[in-house]
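# make a model of this:
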Amino acid sequence: MIGSKRGTFALAVVAAGLIASPAAAAEALDGSKLPWQLGLPFVGILMSIALGPLFVKEWWHIHYEKAAAVWAMLTLGGLIAIVGLDATAAAFVHNMALEYIPFILMLFALFTAAGGIAIDSAIKATPAINCAILAIGSVCASLIGTTGASMILVRPLIRANAGRPYNAHVLVFFIFLVSNIGGALTPLGDPPLFLGFLHGVDFFWTAKHLWPETLFAVSALLAAFFVVDSYFLRQETPDAGPRPPFAVKASGLVNVGLIAIAICAIVLSGLWRPGLGVDVLGTRIELQNIVREAVMVAVALASLALTNKSTREANGFDWEPIREVAYLFAGIFICIIPVMAMLKAGKEGPFGVVIALLEHADGSPNNPVYFWATGLLSSFLDNAPTYLVFFELAGGDPAKLMGPLASTLAAISLGAVFMGAVSYIGNAPNFMVYAIARNAGVKMPGFFPYLLWSGAILLPLFALITFLFLA
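Coordinates of the predicted model:
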């Protein structure tokens with residue numbers, strides 16, 4: 001899957017872990033002692049992703065992995081200079097083993113399996129049909145995950161809108177609804193909620209407590225989309241040709257079962273805890289997680305073996321989207337290491353001024369601030385560890401957070417899931433959908449133009465949700 005010329009990045013980022021001694025490996029990074037300047041490479045990689053395709057488009061699409069490697073090396077070099085090689089290696093292994101590898105293998109499995117499902121339809125996109133697809137995807141997102149729903153539906157939606165001169169907005173709303181907000185009702189829906197499930201939050205707690213906000217957000221966005229899509233449709237040249245019959249034909253359905261296997265493996269990894277595992281530089285890798293990652297690889301390999309090549313060709317399947325996500329997010333997950341440590345330091349860290357705003361003067365939680373702080377950080381950091389940071393800042397006791405502090409847990413959960421839609425890197429499937437759509441010829445907005453779309457549509461919606469449900 002990965003070209004040999006890009007193997008340099010992978011070799012470079014594992015070097016620190018290979019040469020460090022285990023003696024000091026278990027030491028956790030103390031974010032209160034890290035200088036804020038260690039967060040600059042993270043800003044740098046975000047700016048590279050935003051500006052590279054805009055100003056050096058041809059170079060970027062050939063060498064993006066080199067840019068990611070530079071920022072990753074600056075982060076690791078800075079950490080080595082401040083905390084030493086052993087502590088840096090321990091933090092690196094912890095982040096890669098427990099965050100990045102599960103993230104990318106899940107994407108790899110779902111991308112490969114969903115890419116083997118070809119839906120051939122004669123559907124001609126209209127605002128009503130597009131709304132129906134987005135609504136179905138929003139429901140599926142909480143059942144099979146935002147990544148699974150996105151990977152299954154994105155290509156059929158692109159093909160249905162392929163003949164329209166204005167179609168990028170359809171994918172923008174798809175990211176809003178299917179890749180993010182629709183996944184708010186179960187731990188299967190979005191990684192932050194799954195982390196909450198692993199830390200003791202009841203499986204059905206999110207559905208019971210978040211359905212009003214989720215229903216409101218999905219309904220509002222579907223209504224807004226219908227207006228926007230109707231506007232763009234009026235700008236198009238009328239098509240005098242006959243409307244094709246409503247017909248849908250699917251092939252490669254064996255992959256539906258493989259996706260179900262992947263989802264079951266994810267769920268079971270949170271329920272089956274044999275207490276066995278291995279230690280790597282102070283990081284405990286549990287047996288259930290090893291089995292889960294092995295299942296992800298097996299699902300992808302089985303999909304490749306069981307799906308006809310012609311089916312993938314008909315689906316326009318290409319490895320470049322997952323390759324791009326793998327390299328860029330490897331850089332992001334490395335650059336995020338000191339930033340997350342600073343956040344975990346709470347009031348003692350560089351972000352102490354912001355953390356202090358999480359409480360009222362009487363010590364009670366400030367739920368609107370929890371919502372916005374969790375959400376805005378989730379827009380640019382990985383929303384799963386961001387959720388966990390604020391979960392711990394709110395006390396970390398699932399019994400209390402599901403009981404007297406239920407409104408606080410709801411604010412954290414909503415912020416992490418909903419505001420993952422604000423940028424392309426806020427949630428795993430966002431960038432994947434962007435890459436697939438771009439490769440299919442859709443003129444997707446760049447990093448900053450997408451922020452304008454999300455800011456104009458989502459921020460007023462989130463302000464209204466704050467006023468109606470969280471104030």
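
# contacts and neighbour counts: CA atoms only from here.
Fine.

# quick one, strands of the stretch 201-350 of the chain?
248-251, 277-280, 283-286 (DSSP state E, counting those that start in this stretch).

# which of the ones you listed sits most buried?
Highest mean neighbour count among the strands of the stretch 201-350 of the chain (mean count of other C-alpha atoms under 10 Å): strand 283-286, with a mean of 16.

# quick one: strands adjacent to it?
Note on strand 283-286: by DSSP bridges, its sheet partners are strand 277-280 (antiparallel).

# now do the strand it pairs with: distance to the chain's middle.
What separates the centre of strand 277-280 from the centre of its chain is 27 Å, taken as C-alpha atoms, centre = their mean, to the nearest Å.

# so what touches that strand?
Strand 277-280 has contacts (C-alpha atoms under 8 Å, 6 or more residues apart in numbering) with 93, 284-287.

# average pLDDT for it, rounded please.
Across strand 277-280, pLDDT averages out at 87.

# re earlier: could I get the contacts of strand 277-280 as a markdown table with pLDDT and distance to residue 230?
A markdown table is the format used below for those (pLDDT from 0 to 100; distance: C-alpha to C-alpha, whole Å):
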| residue | pLDDT | distance to residue 230 |
| --- | --- | --- |
| 93 | 91 | 49 |
| 284 | 88 | 53 |
| 285 | 89 | 51 |
| 286 | 89 | 51 |
| 287 | 92 | 51 |
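
# surely residue 87 touches residue 29?
Yes. With contacts counted by C-alpha atoms under 8 Å, residue 87 reaches residue 29, the gap being 6.9 Å.

# which one of these two has more residues nearby?
residue 87 (27 against 21; other C-alpha atoms under 10 Å).

# just the element for that one, please.
helix 85-95 (DSSP states H and E).

# can you name the element that comes right after that helix?
Assigned by DSSP H and E, the successor of helix 85-95 is helix 101-114.

# please name every helix or strand in contact with that next one.
helix 127-160, helix 254-271, helix 287-306, helix 320-344 (3 or more C-alpha pairs under 8 Å, 6 or more residues apart in numbering; DSSP states H and E).

# nearest to residue 104, of the ones you listed?
helix 320-344 (6.5 Å; C-alpha to C-alpha).

# elements contacting the closest one?
Checking 3+ C-alpha pairs under 8 Å, 6+ apart, helix 320-344 ends up next to helix 40-55, helix 57-83, helix 85-95, helix 101-114, helix 383-393, helix 428-439.

# how about 6 Å then?
When contacts are defined as 3 or more C-alpha pairs under 6 Å, 6 or more residues apart in numbering; DSSP states H and E, helix 320-344 packs onto helix 57-83.

# for the strands of the stretch 201-350 of the chain, which one sits closest to residue 293?
strand 283-286 (11.1 Å).

# shaky segments in the chain?
For the chain, applying pLDDT under 70 flags the ranges 1-28, 120-122, 237-248.

# thinking again about what came up before, make TSV from the helices and strands packed on helix 101-114 and add mean neighbour count and distance to residue 429 to it.
Listed next are these as TSV, based on neighbours: other C-alpha atoms under 10 Å; distance: least, C-alpha to C-alpha, whole Å:
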stretch	mean neighbour count	distance to residue 429
helix 127-160	22	5
helix 254-271	18	15
helix 287-306	19	16
helix 320-344	22	9
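
# mind putting these into JSON lines with distance to residue 233?
Shown next, in JSON lines, are these (distance: least, C-alpha to C-alpha, whole Å):
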{"stretch": "helix 127-160", "distance to residue 233": "8"}
{"stretch": "helix 254-271", "distance to residue 233": "33"}
{"stretch": "helix 287-306", "distance to residue 233": "38"}
{"stretch": "helix 320-344", "distance to residue 233": "29"}
